[in-house]
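Peer 1: Provided below are the primary sequence and the corresponding predicted coordinates.
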Amino acid sequence: MASPVVPPVKDDIYEPYAPDAPVGSRPSHWIPASPFTDVYARFSQWRTDLGLPHPGTVENLQKEVKSTHLSNFMFDGARADLTKSLSMNPLFQVTHSFALGSQTAQSSYNFGAIFASQSVFLQGGVDHDGNVNARLNQGWSANNVSKVQAQFSSQAGHNMIQLEHDYQGSDFSINAKAMNPSPTDFTGVYVGSYLQSITKNVALGVETLYQRPTPTLSDTATSLLAKFTSTDKSWIATAQLQVPGIVQATYWQKLSDKVEVAADLQLIAAPTRRDAVATLGAKYDLRLSTFKAQVDSTGKVSALLEQRFTPAFAFLLAGEIDHFKNAAKVGVGVMIESSTLTPEEMGMPPGPYGTV
Amino acid sequence: MPSEDTKERISKAVEIGRTILHYGWIPLIIYVGFTRSNPQPSLIKLISPLA
């Protein structure tokens, strides 16, 4: 790149270019670069004028679908979550979770603690075997967030650490992740992703995964992402295409204030394996309860009811019938929230449920 | 490429850091939360599920 040769001049003597933007705010050594900085300024001005919306993050591409479907919320057996809020601003709460009688998982006890202030989020959990999971989010500015996730176990091979950085631009978002990076031989899994709004409704992105399990072996996989959002944000369609033949397409629509529906289609068309799963689900948000129902093409029908009797006490009922395997799962749970704070300290207006 | 000696030292440091975080992470959150909370809660309320 050949930058124009300009004699080193002071601001007031010689001005070979007359840039549109005022130069006064810039130091004089920037003047040789002014054609480029002006082009950049004009380009960014033009970009701002387009008024493209923020596309969301790649991680949250299917957030609406995931929160409508109940795959992530399904449980079986009995469980109880006792949450205690000790402070509201900054947020500090501890949780005791008990789970027993599950067909798939062993009975467990988990203690969790969350601390969140304006810029820092700390979360930790420890179970009865002494396995610790940790999460730390540090916001450097409104656009920059660094995240660390880790798992520590006394068993070898169950330790995990993930370092992540998020940058949110006005109309794009960038994320870089490293899973189990080794400082000595650079093994690990590295993921980079970029999502850019193209028009007011369309965002396109790319995600690249670089795997290096041993110093001599490495592998990359790239997937393409697309997201269509309606102008009034009442429906969202996403598609994710991973090059060796994996397609995931989702559709989410908000039918009314209380009803959301979502569909999800996953296709795998690899030479060794051909498979497809379609999932259809609905979520009803009622005044004190949430009901989710879902049916998928593997023959599973499931439903989850979360009934809140008071703001501090919720009752959960989950059920799943697998028609093809002739199996059923039932789960019952309670969630109790208590607080050492008075309603005024929690920032709630005193109401019928104000005193917890 | 770092030498074998440096590699050994790095992996030892990683192992020590891992152990510190394994046993220290939950106490750290509780300490940070306990000292920064407004108002400061009493210790018994912090630990007991029932109080």
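Peer 2: Yep, that arrived.
Peer 1: C-alpha only now, for contacts and for neighbours.
Peer 2: OK.
Peer 1: so residue A:87 bridges to which residues?
Peer 2: Under the criterion DSSP bridges, residue A:87 forms beta bridges with residue A:92.
Peer 1: which element follows the helix or strand encompassing residue A:320 toward the C-terminus?
Peer 2: Using DSSP states H and E, the secondary-structure element containing residue A:320 is strand A:313-322. Past strand A:313-322, heading to the C-terminal end, the next element that is a helix or strand (DSSP H and E) is strand A:327-339.
Peer 1: quick one: that following strand near chain B?
Peer 2: No: contact check for strand A:327-339 against chain B, using Cα under 8 Å from any Cα of the partner chain: none in range, with a minimum separation of 9.2 Å.
Peer 1: Mind giving me the packing neighbours of that strand?
Peer 2: For strand A:327-339, the packing partners by 3 or more Cα pairs under 8 Å, 6 or more residues apart in numbering or on different chains; DSSP states H and E come out as strand A:77-87, strand A:313-322.
Peer 1: Can you give me the buried ones in the biggest helix by length in chain A?
Peer 2: Assignment by DSSP state H gives helix A:34-50 as the longest helix of chain A. Burial within helix A:34-50, assessed by neighbour count using 16 or more other Cα atoms under 10 Å in any protein chain shown, is assigned to A:34-35.
Peer 1: what is the mean pLDDT for the helix or strand following it?
Peer 2: For helix A:34-50, the succeeding helix or strand toward the C-terminus, using DSSP H and E, is helix A:63-68. Confidence for helix A:63-68, expressed as mean pLDDT, is 93.
Peer 1: where's stretch B:36-43 relative to the chain centroid, distance-wise?
Peer 2: Taking the mean C-alpha point of stretch B:36-43 and that of its whole chain, the gap between them comes to 20 Å (Cα atoms, centre = their mean, to the nearest Å).
Peer 1: Endpoints of it, how far apart?
Peer 2: Criterion Cα to Cα, to the nearest Å; first-to-last residue distance in stretch B:36-43 is 14 Å.
Peer 1: can you check stretch A:192-209 too?
Peer 2: This stretch, stretch A:192-209, spans 7 Å end to end (Cα to Cα).
Peer 1: same check, this time on stretch A:210-221
Peer 2: When the end residues of stretch A:210-221 are compared by Cα to Cα, they are separated by 7 Å.
Peer 1: Equivalent analysis for stretch A:52-70, please.
Peer 2: From its first residue to its last, stretch A:52-70 covers 32 Å (Cα to Cα).
Peer 1: Do I have it right that residue A:184 meets residue B:4?
Peer 2: No: distance between residue A:184 and residue B:4: 9.4 Å, which falls outside the contact criterion (Cα atoms under 8 Å).
Peer 1: Looking at these two, which is more packed in?
Peer 2: Shown here are residue A:184 and residue B:4; by other Cα atoms under 10 Å in any protein chain shown, residue A:184 has more neighbours (17 against 10).
Peer 1: For residue B:17, grab phi and psi.
Peer 2: phi -60, psi -40 (degrees, to the nearest 10).
Peer 1: pLDDT averaged over the longest helix of chain A, what's the number?
Peer 2: Confidence over helix A:34-50 (mean pLDDT, whole number) is 84.
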